[in-house]
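# kindly return the folded structure for what I paste below:
(one chain, ligands or ions: 1)
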Amino acid sequence: MSFDVDAIRAQFPILSQQINGKPLIYLDNAATTQKPQCVIDAIVDYYTTCNSNVHRGAHKLADEATRRYEGARDVIAEFINANQREEIIWTSGTTEAINIVANGLAQMLKPGDEVVVTEMEHHANIVTWQQACKASGASLKIAPINDEGELIIEAFEQLLNSHTKMVAFPQVSNALGTVNPIKELCEKTKAKAPDALVLVDGAQGIAHGTVDVQDLGIDFYVFSGHKLFGPTGTGVLWGREVILRDWPVWQVGGEMISEVTYEDAKWNELPYKLEAGTPNIAGVIGTAAAVTWFTSLDMHAVKAHEAALLASATQQAEDFEGLRIIGTAKNKTGVLSFLMDEGHPADIGFLLDKQGIAIRTGHHCAEPLMNRLHVPGTARASFSIYNTLAEVDALFVALKKVKMMLA
Ligand SMILES: Cc1ncc(COP(=O)(O)O)c(C=O)c1O
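So this is what the prediction gives:
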């Protein structure tokens with residue numbers, strides 16, 4: 001199977017529009033990815049043919065909605081190689097998934113316990129643990145990175161001990177593109193901190209290859225549908241069944257109970273006990289359609305294409321006078337964070353938008369990381385499957401204009 005970027009692009013209707021009179025060049029994929037027609041169709045088809053509530057209906061539409069909703073769970077279980085379908089919990093996104101774990105952990109942590117995160121976290125993987133530690137008297141430890149934006153493995157290892165109860169880190173940094181060695185970090189954790197659980201924030205990693213949660217040896221993996229060509233408002237918490245089975249419930253209400261009296265309630269079994277209320281049925285169906293689409297691609301070709309985009313962008317950035325790349329890890333996905341001598345990132349973003357190019361500027365929900373790197377924020381171009389080498393070239397042509405305008 002070869003990789004035909006034009007054929008891929010043709011499946012994304014949004015990409016054919018003009019923005020400010022210029023063809024759209026969408027380079028904000030780390031914030032959210034665009035949606036292929038098949039995902040849009042799956043959502044429209046659900047609302048057109050079988051919109052209904054799941055699990056509790058006694059009619060045909062409810063049966064069909066339930067079939068699609070539960071079928072979507074099977075798609076995800078297979079996608080990340082979960083041991084059981086019950087290990088897949090539908091959430092509203094990565095943020096909610098981490099909150100479910102952190103909220104539960106907060107009820108188990110004691111003063112003296114420790115939680116380890118890294119200096120390259122998105123706020124979703126800091127504030128959650130910070131608040132869990134505050135509520136329980138546990139301490140939050142921060143594993144440092146080097147100036148290239150790579151985790152310093154020896155320093156990470158030194159933070160691990162018998163007090164460590166949770167280690168949480170990103171598969172890929174959203175602000176820098178750094179790819180972390182999940183398996184190695186997990187092995188080191190299990191060796192030095194036998195009581196620690198490992199959570200991997202897969203928000204940025206999920207769209208760049210395949211993940212086998214069993215092979216990685218981790219305990220929790222979380223991601224959002226919208227960064228994987230699916231709709232917003234959906235996400236996945238995967239956890240090992242033996243852990244999730246006894247995990248404290250997150251929200252309470254309908255669906256997550258097995259028995260209710262005025263005095264008390266009993267919780268449903270997995271996965272329902274962690275899915276309170278009516279779920280985002282259309283979103284879940286759309287996310288499964290996105291995964292089915294994504295897994296139909298030749299993953300080697302996808303990776304090669306994305307690597308070529310990053311290599312070209314990096315080369316042109318290095319050759320660009322007055323431009324500094326922020327985040328130069330050896331192992332990176334398609335993220336180019338940068339600063340220019342001439343202008344503030346917000347000005348760069350504004351002037352690129354005028355030329356039809358969408359990037360992200362600011363702290364990328366990673367304020368502590370920006371502080372560590374002594375930068376106020378960055379301009380970030382992030383690439384995906386449907387971007388082309390011509391678009392990378394166009395970015396640098398546009399940046400030359402930006403440079404002249406700001407000089
Ligand atoms: C690394 C990382 N973690 C967590 C999140 C939060 O994801 P969501 O807003 O979809 O919950 C993001 C979003 O950008 C992210 O990049």
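# distance between the helix or strand containing R73 and the chain's centre?
Taking DSSP states H and E as the criterion, R73 maps to helix 60-79. Centroid displacement of helix 60-79 relative to its chain, using CA atoms, centre = their mean, to the nearest Å, is 22 Å.
# average model confidence for it?
Averaging pLDDT along helix 60-79 yields 98.
# buried residues in it?
A62, E64, A65, T66, R68, Y69, A72, R73, V75, I76, A77, F79 (16 or more other CB atoms under 10 Å). In short, each C-beta sits where N, CA and C put it, glycine included.
# so what touches that helix?
Applying CB atoms under 8 Å, 6 or more residues apart in numbering, the contact partners of helix 60-79 are 46, 49-57, 82, 84-85, 87-88, 90, 210-211, 236, 238, 271, 279, 281, 284-285, 287-288, 291-292, 295.
# go on, stretch 45-57?
Contacts for stretch 45-57 (CB under 8 Å, 6+ apart): 59, 61-66, 68-70, 255, 272, 278-279, 281-282, 285-286.
# chain center to it, what's the gap?
28 Å.
# tell me the secondary structure at V249.
Using DSSP: H, G, I helix; E, B strand; the rest coil, the structure places V249 in coil.
# quick one, what contacts it?
M256, W267, K273, L274, A276.
# mind putting the residues you listed in JSON lines, secondary structure included?
Below are the contacts of V249 laid out as JSON lines (three-state DSSP):
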{"residue": "M256", "secondary structure": "coil"}
{"residue": "W267", "secondary structure": "strand"}
{"residue": "K273", "secondary structure": "helix"}
{"residue": "L274", "secondary structure": "helix"}
{"residue": "A276", "secondary structure": "coil"}
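# can you flag the buried ones in those?
Here, 16+ other CB under 10 Å leaves M256, K273, L274, A276 buried among the contacts of V249.
# the ligand: which of the buried residues of helix 60-79 is nearest?
The closest of the buried residues of helix 60-79 to the ligand turns out to be I76 (CB to the nearest ligand atom; 15.5 Å).
# state the helix or strand in which the residue positioned nearest the centre of the chain lies.
Nearest to the geometric centre of the chain sits A203, at 0.8 Å (CA atoms, centre = their mean). If you go by DSSP H and E, A203 is not part of any helix or strand.
# how much space between it and the ligand?
Here A203 is placed at a distance of 3 Å from the ligand (CB to the nearest ligand atom, to the nearest Å).
# how near is that residue to A97?
Per CB to CB, to the nearest Å, A203 is found 9 Å from A97.
# try L369
Counting by CB to CB - L369 and A97 are separated by 21 Å.
# format the CA atom coordinates belonging to stretch 125-134 as PDB.
Output in PDB follows, covering the C-alpha atoms of stretch 125-134 (Å, rounded to 0.1, in the frame of the first residue of the first chain):
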ATOM      1  CA  ASN A 125      -1.600  16.100  33.400                       C
ATOM      2  CA  ILE A 126      -0.400  18.500  36.100                       C
ATOM      3  CA  VAL A 127      -3.300  20.200  37.700                       C
ATOM      4  CA  THR A 128      -5.200  16.900  38.200                       C
ATOM      5  CA  TRP A 129      -2.300  15.300  40.200                       C
ATOM      6  CA  GLN A 130      -1.500  18.600  41.900                       C
ATOM      7  CA  GLN A 131      -5.100  18.700  43.300                       C
ATOM      8  CA  ALA A 132      -5.100  15.000  44.200                       C
ATOM      9  CA  CYS A 133      -1.900  15.600  46.200                       C
ATOM     10  CA  LYS A 134      -3.300  18.700  47.800                       C
END
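# dump the residue contacts of the nearest residue to M256 once chain neighbours are set aside.
Take M256 and drop its neighbours on the chain: the residue closest to it by CB to CB, 6 or more residues apart in numbering is A276, 4.2 Å away. Applying CB under 8 Å, 6+ apart to A276 gives the contacts V249, W250, Q251, V252, G253, G254, E255, M256.
# buried among these? Make that a ChimeraX selection.
Here is the ChimeraX selection string for the buried members of those, based on 16+ other CB under 10 Å:
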select :249,250,255,256
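# which one among the contacts of A276 gets closest to the ligand?
Nearest to the ligand among the contacts of A276, with distances taken as CB to the nearest ligand atom, is W250, at 14.7 Å.
# could you pull out the helices in the chain for me?
For the chain, applying DSSP state H gives helices covering 5-9, 37-45, 60-79, 94-106, 127-136, 153-158, 182-192, 213-216, 241-244, 281-295, 299-318, 345-353, 367-372, 389-406.
# hang on, the earlier thing: the residue nearest to M256 and the ligand: what is the separation?
In this view, A276 and the ligand are 18 Å apart by CB to the nearest ligand atom.
# quick check: that residue vs R240, distance?
21 Å.
# that older thread, in a markdown table: the contacts of A276, plus pLDDT.
Below are the contacts of A276 laid out as a markdown table (pLDDT from 0 to 100):
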| residue | pLDDT |
| --- | --- |
| V249 | 97 |
| W250 | 94 |
| Q251 | 97 |
| V252 | 97 |
| G253 | 96 |
| G254 | 93 |
| E255 | 92 |
| M256 | 95 |
